[in-house]
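Trainee: Got a sequence here, can you build the structure:
(one chain, ligands or ions: 1)
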Amino acid sequence: MEKGTSFLFSGITFNRKKFSSDFERFKEKKESNDLLSNEASLIESQNSEMDEITMPGKKRKRKAMFLEPVEGFNVFKSSKSAPVTEENNQTEDEIAQGKKELYRKMERDALVRKKHNIHTSGSNVPSPLQDFAELKSRVEIKVLIFIYLKHILCYMDSGVRYGCKRYLLRNFAELGFKEPTPIQRQAIPVLLSGRECFACAPTGSGKTLAFVCPMLMKLKHASKDGVRAVILCPTRELAAQTARECKKLAKGKKFYIKLMTKQLVKSADFSKLHCDILISTPFRLQFAIRKRKLDLSRVEYLVLDESDKLFELDLVEQVDSVVKACSNPSILRSLYSATLPDSVEELARTIMHDAVRIIVGRKNAASESIKQKLIFVGSEEGKLLALRQSFAESWNPPVLVFVQNKERAKELYRELAFDNVRADVIHADLSQIQRENAVDNFRAGKTWVLIATDVIARGMDFKGVNCVINYDFPDSAAAYIHRIGRSGRAGRSGEAITLYTESDVPFLRNIANVMAASGCEVPAWIMSLPKKKWKKHRPQRDAILTKPKDEEE
Ligand SMILES: Nc1ncnc2c1ncn2[C@@H]1O[C@H](COP(=O)(O)OP(=O)(O)OP(=O)(O)O)[C@@H](O)[C@H]1O
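Mentor: From the prediction side, this is the model:
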């Protein structure tokens, strides 16, 4: 892009120098690139905010949505004072026609958004997609720019062509993607129009494709120009999965898509790395930048997936160094998650430029395709009994069981192995290979129960998980939403069972709010419990242990 020129709308470039005074009116300031300077009270506010997930009908006040016509309409008033000539009449006719078309387009967009429960805010949000085919065909969008410059009205009209290549649409069809999901309908045109965005859409709603598709379309073809796009994911498992998804979507087109593995960090000559899309955890990427002099100054697209997790205390410093290393002034950044606390949004705004906010459904809500249940088990011993009973009575594998920490994961694994359940376990103490095997075996149906810590609670796409059991109560509402979101993905139905003991009761209301917000039944007594500020609920719990009878005698 030429210096001094920036994207205003897709397909149109706007000369900042020539219209400098007008540009100032439209410009939003890019305030700071420094996440850490804004992060101070972030974690505290993230937790308390997520606790206060609102109930249906008790909507919190939100900032105004941008449903109004573009700012420039006011300029018509000032043209009234001009003398009436034939030329002026013609211009006014054209303007009236332009206005009509713009309103028609806005009406159409509003209908699509309403149908798919898409809420947007930001200036001049691009139209949502009606279907995938629209990405390819020529889309005549009348774009009106009204610039009131020294009493001169400029009226421009332009066509936009997304120009999706055939290989991508073929891959969608092969993967069985017939229609774009709501987040894809809105996020893809936003990114293709050169706009930054932060998006909140339910678990399993196709956010990965929403950011990979425009990236592949914009990068067009492989290049040897260093790293051109970066996707940051909070865990190695998610990074590996995202790399696999990227490759599937790019099939048939030669792109350099690389996963930042331990081996690559150690051995690669980064000065010669050809990489169109680099997928990594913040830790590995920070290491490569600092110790191996990886140059990210040409990165054009930066995606922060599971962005609220990336902004938590243990990762934010690493993320910050990646954001700083991606120093290309025309970079496009986008953030995605199923949970996006206001504090993260505020932080995001400080590093983003004229970003579009996209929310699908209710913000910070669980997927509506999951049937959620709470079961009281009294004490810790009651949990194992309840689990065994549930396996005996309503066994519907594959089942994902979440526990509080790796010690408890190991303990529960020993118990289930004793019961001859086809179970496996995944936690941070295992080697990378062991972790990969656990995930692969579960995916392939070789194991029926996977016992896990929160290490795989985010983003992992196990298509057929029928049931998620929260053996240990989750430590936040966000953790609950992500854990149970491993089932009920891509429109499938799922089930989530949360076991709770006396010690969890003070935090029940927070989960109950999430359940009620997604239409699940919750006993009235739970809804009348007082709201409690939730600071990472991780109580000391008794070991998971039931000795076999012969050992007790
Ligand atoms: N348009 C589509 N039609 C049908 N299935 C789709 C479509 N897009 C994506 N999927 C499938 O939906 C599943 C979930 O997608 P994805 O993992 O991107 O969800 P997500 O929104 O990122 O979830 P999470 O919040 O848990 O990370 C995947 O199996 C993916 O292949």
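
Trainee: Now for the residue lying closest to Ser518 once chain neighbours are set aside, how many residues are close by?
Mentor: In space, and not counting its chain neighbours, Ser518 is closest to Ala366: 4.5 Å by C-beta to C-beta, 6 or more residues apart in numbering. Where you see a C-beta, it was placed from the backbone N, CA and C, and this is true even at glycine. Look at Ala366: counted by other C-beta atoms under 10 Å, it has 30 neighbours.

Trainee: let's have the chain start at 49 instead
Mentor: From this message on, residue numbering opens at 49, which makes the last subject Ala414.

Trainee: Pretty sure Ala414 sits against Gln420.
Mentor: Yes: counting by C-beta atoms under 8 Å, Ala414 does reach Gln420; the two are 6.9 Å apart.

Trainee: Look through the stretch 99-248 of the chain and state the residue closest to the ligand.
Mentor: Closest residue of the stretch 99-248 of the chain to the ligand, C-beta to the nearest ligand atom: Phe225 (3.7 Å).

Trainee: tell me, how many neighbours does that residue end up with?
Mentor: 18.

Trainee: and what of Lys310?
Mentor: 11.

Trainee: and it, what pLDDT?
Mentor: With respect to pLDDT, Lys310 scores 90.

Trainee: picking that back up, show me the contacts for the residue nearest to Ser566.
Mentor: Residues near Ala414 by C-beta atoms under 8 Å, 6 or more residues apart in numbering: 250-251, 420, 528-529, 532-533, 544, 562-563, 565-566.

Trainee: pretty sure it is in a helix, no?
Mentor: No: counting by DSSP: H, G, I helix; E, B strand; the rest coil, Ala414 falls outside a helix, being coil.

Trainee: how far away is it from the ligand?
Mentor: For Ala414, the distance to the ligand (C-beta to the nearest ligand atom, to the nearest Å) stands at 11 Å.

Trainee: And the pLDDT for that residue?
Mentor: At Ala414, pLDDT is 92.

Trainee: Surely the residue of the stretch 99-248 of the chain closest to the ligand forms part of a strand?
Mentor: No: per three-state DSSP, Phe225 lies outside any strand segment and is coil.

Trainee: ok, back up a step: can you give me the distance of the residue nearest to Ser566 to Leu556?
Mentor: Plainly put, Ala414 is 15 Å away from Leu556 if you go by C-beta to C-beta, to the nearest Å.

Trainee: ditto for Phe466
Mentor: Distance from Phe466 to Leu556, by C-beta to C-beta: 31 Å.

Trainee: So which of the two has more stuff around it?
Mentor: It is Leu556, of Phe466 and Leu556, that has more neighbours when counted by other C-beta under 10 Å, with 22 against 11.

Trainee: Can you tell me the number of residues neighbouring the residue nearest to the more buried one when sequence neighbours are not counted?
Mentor: In space, and not counting its chain neighbours, Leu556 is closest to Ile574: 5.3 Å by C-beta to C-beta, 6+ apart. Counted with other C-beta under 10 Å, residues neighbouring Ile574 total 17.

Trainee: who are the neighbours of whichever strand or helix holds Ile574, in terms of helices and strands?
Mentor: Following DSSP states H and E, one finds Ile574 within helix 572-575. Contact analysis of helix 572-575 by 3 or more C-beta pairs under 8 Å, 6 or more residues apart in numbering; DSSP states H and E lists helix 556-565 as its packing neighbours.

Trainee: any idea how far the helix it packs on is from the chain center?
Mentor: Remark: helix 556-565 is offset 22 Å from the chain centroid, using C-alpha atoms, centre = their mean, to the nearest Å.

Trainee: check contacts around the residue of the stretch 349-498 of the chain found nearest the ligand.
Mentor: Across the stretch 349-498 of the chain, no residue is closer to the ligand than Ala386, which sits at 4.1 Å (C-beta to the nearest ligand atom). When contacts are counted by C-beta under 8 Å, 6+ apart, Ala386 touches 248-251, 253, 255, 412, 415, 529-530, 533.

Trainee: where's His167, which helix or strand?
Mentor: Counting by DSSP H and E, the element that carries His167 is strand 166-169.

Trainee: Quick one: mean pLDDT for that strand?
Mentor: Mean predicted confidence for strand 166-169 is 96.

Trainee: mind putting the contacts of Ala386 in TSV, secondary structure included?
Mentor: As requested, the contacts of Ala386 are exported to TSV (three-state DSSP):
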residue	secondary structure
Cys248	strand
Ala249	coil
Pro250	coil
Thr251	coil
Ser253	coil
Lys255	helix
Asn412	coil
Ser415	coil
Ile529	helix
His530	helix
Gly533	coil
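
Trainee: Go through the residues you listed and name the one nearest His322.
Mentor: Within those, proximity to His322 (C-beta to C-beta) peaks at Lys255, which comes in at 27.1 Å.

Trainee: For the nearest residue to the closest one once chain neighbours are set aside, grab the count of nearby residues.
Mentor: Spatial nearest neighbour of Lys255, excluding adjacent residues (C-beta to C-beta, 6+ apart): Tyr384 at 4.6 Å. Tyr384 has 25 neighbouring residues, counting by other C-beta under 10 Å.

Trainee: Surely Tyr384 touches Ser355?
Mentor: Yes: under the criterion of C-beta under 8 Å, Tyr384 makes contact with Ser355 at 6.3 Å.

Trainee: Quickly list what's touching both of the two.
Mentor: Joint contacts of Tyr384 and Ser355 (C-beta under 8 Å, 6+ apart) are Phe246.
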